[in-house]
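Asks: what follows is a predicted protein model with its sequence.
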Amino acid sequence: MRQDDTPPTSPLMEGEIDENDVVYIDDIDEVINAGDEEDGDMGDMEEMEEDGQGRNDASCIFSKHTGSVFCGALSKNENLAATGGEDDKAFVWDTVSGDIILECTGHKDSVTFSDFNHDDSYLATGDMGGFIQLWKLSDKSVIWKYEMDDMTWMQWHSAANVLFAGSITGEIYMWKVPSGECKILPGSGERLETAALLPDGVRLSVGYKDGSIRIWDLKSNSVMFTIAKDFGHTEAVLALDCYVDNNLILSAALDGKTIISSSQTGKVLSVLQDLGEITDSNNVEDEGAMEEVKKGNYVETVAWHKDPEHQIAATGTLNGEIFIWDVAKQTVRQKIELEDGINKLMWKEGTTILLAASLDGILRCFDGRSGVCLRLFVSHSADLLDLSVSRSGMKVLTTSDDKTARIFEIDIH
């Protein structure tokens, strides 16, 4: 990417930042707890949840899987859903009728990836054992198959027919579609945990088990920067997302830290939060108990709001907390507390509506400005495992441990 094409520098990048100058937020001054701001709001939410028992808000229920449904994706035109599950199968099905369009067999392990490419012409499915299949949707045929080491993640390129996958041994696989031509970017033996393609489409941020993050240049197939664990995370990176400015990377790890880094310099810019810190050690009687407290909570999911003018991000924790951050000011705008862990967060395109998939099986819509819960979508009977929002934001797909996937119509703007 030419320097002339680089978006304006983020406010976080003003001035020189030394790698040791990691900014910790010890005091959060601007937290508005959605449960404390107005007692009535939380009371209303509790009433809604009690009333929702036995309710079905789904417009379509797909129940052909015979095990937990681990992954799901919606086609760009919203007409199709692709889901994969514990039964070693993936399905493509109609989002209105639930009718099966394609049954993807041949996998040897739980299918943890099933997604359409950028123009819905192909579907890729991958299982935990590393068996990959590419399907041509026009004639429902398998174009090619590939076996790699055990797979930890897969991802389509946002605008090109290129498919990426990461392995437990550290290699990154890249396939051209439909030819199947493969390039393997070497690893160091460290397990790959997650990845996110930068908006420019030519760089890939990858998180590793040891806490390091590497920025790969996809043109030269080389590492541009490594954000080492000495300056960033010290344990496995669980979630990554990239801001629209092609610079800021939001990451969360098992160490309880939420970190902002620069893809342009490879430096840590700030530690937004450290859930592993003990604020009152007097309440912890021994070192063993202290370690348990430190490991008791971490951020499971992160999501940038795709707004080039306001650096807003959301994070969700294992303990059921949702934080909405003003990243430029490095403060929490809203804190929302739920009883069950948050598995995935996504922003509805072009709005300030935040969608949250929870381990209580409920899909929630929040106003990202006020933190108020706008609506509950109740239908599942077990943990939500994945969440996909259509391009228009009008349909949402959820998958669950209850062996179903469901479609919800989102009419909130």
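Replies: Nice, I can see it.

Asks: any idea how far the spatially most central residue of the chain lies from residue 338?
Replies: With distances taken as C-alpha atoms, centre = their mean, the chain has residue 301 as the residue nearest its mean C-alpha position (5.3 Å). Using C-beta to C-beta, to the nearest Å, we find residue 301 at a distance of 13 Å from residue 338. In short, each C-beta sits where N, CA and C put it, glycine included.

Asks: do residue 106 as well
Replies: When distance is defined by C-beta to C-beta, residue 106 is 39 Å away from residue 338.

Asks: do I have it right that residue 361 meets residue 400?
Replies: Yes - in this structure, residue 361 sits in contact with residue 400. The criterion is C-beta atoms under 8 Å, and the distance is 6.4 Å.

Asks: more neighbours: those two, which one.
Replies: Neighbours per residue (other C-beta atoms under 10 Å) separate residue 361 from residue 400, with residue 400 holding more: 25 against 18.

Asks: what segments of the stretch 51-200 of the chain are strands?
Replies: In the stretch 51-200 of the chain, strands defined by DSSP state E, counting those that start in this stretch lie at 60-62, 69-74, 80-85, 90-94, 100-104, 111-116, 122-127, 131-136, 141-147, 151-156, 162-167, 172-176, 182-185, 192-197, listed in chain order.

Asks: nope, the stretch 201-350 of the chain is what I was after
Replies: Using DSSP E, counting those that start in this stretch, the strands of the stretch 201-350 of the chain run over 203-208, 213-217, 222-227, 237-242, 248-253, 257-262, 268-274, 299-304, 312-317, 321-326, 331-337, 342-347.

Asks: got a list of what the residue lying closest to residue 101 once chain neighbours are set aside touches?
Replies: Setting aside the residues directly before and after it, residue 101 is nearest to residue 92 in space (C-beta to C-beta, 6 or more residues apart in numbering), at 4.5 Å. Counting by C-beta atoms under 8 Å, 6 or more residues apart in numbering, residue 92 touches 80-82, 100-102, 104, 123, 135, 137.

Asks: again, but for residue 151
Replies: For residue 151, the set of contacting residues under the criterion of C-beta under 8 Å, 6+ apart consists of 112-113, 126-130, 132, 165-168.

Asks: worst-scoring helix or strand of this structure, pLDDT-wise?
Replies: Among the secondary structure pieces of the chain, namely its helices and strands, helix 34-37 has the lowest mean (mean pLDDT, DSSP states H and E), a mean of 40.

Asks: next, give phi and psi for the residue lying closest to residue 311 once chain neighbours are set aside.
Replies: Excluding the flanking residues, the one nearest residue 311 by C-beta to C-beta, 6+ apart is residue 327, at 3.9 Å. Residue 327 adopts backbone torsions of phi -70, psi -40, taken as degrees, to the nearest 10.

Asks: how near is residue 327 to residue 369?
Replies: Between residue 327 and residue 369 the distance, using C-beta to C-beta, works out to 15 Å.

Asks: still on that earlier bit, turn the contacts of residue 151 into TSV, including neighbour count, distance to residue 232 and pLDDT.
Replies: TSV is the format used below for the contacts of residue 151 (neighbours: other C-beta atoms under 10 Å; distance: C-beta to C-beta, whole Å; pLDDT from 0 to 100):
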residue	neighbour count	distance to residue 232	pLDDT
112	23	26	97
113	23	26	97
126	27	28	98
127	24	31	98
128	19	27	96
129	16	31	96
130	19	28	96
132	23	31	97
165	25	24	98
166	27	19	97
167	19	22	96
168	19	21	95
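
Asks: doesn't residue 272 make contact with the residue nearest to residue 311?
Replies: Yes - in this structure, residue 327 sits in contact with residue 272. The criterion is C-beta under 8 Å, and the distance is 7.2 Å.

Asks: what is in contact with these two at once?
Replies: With contacts taken as C-beta under 8 Å, 6+ apart, the residues that reach both residue 327 and residue 272 are residue 260.

Asks: which of these two has more neighbours?
Replies: The residue with the greater number of neighbours, taking residue 327 and residue 272 and applying other C-beta under 10 Å, is residue 272; the counts read 26 against 23.

Asks: need the contact list for the more buried one.
Replies: Taking C-beta under 8 Å, 6+ apart as the definition of contact, the neighbours of residue 272 are 25, 258-260, 315, 325, 327, 330.
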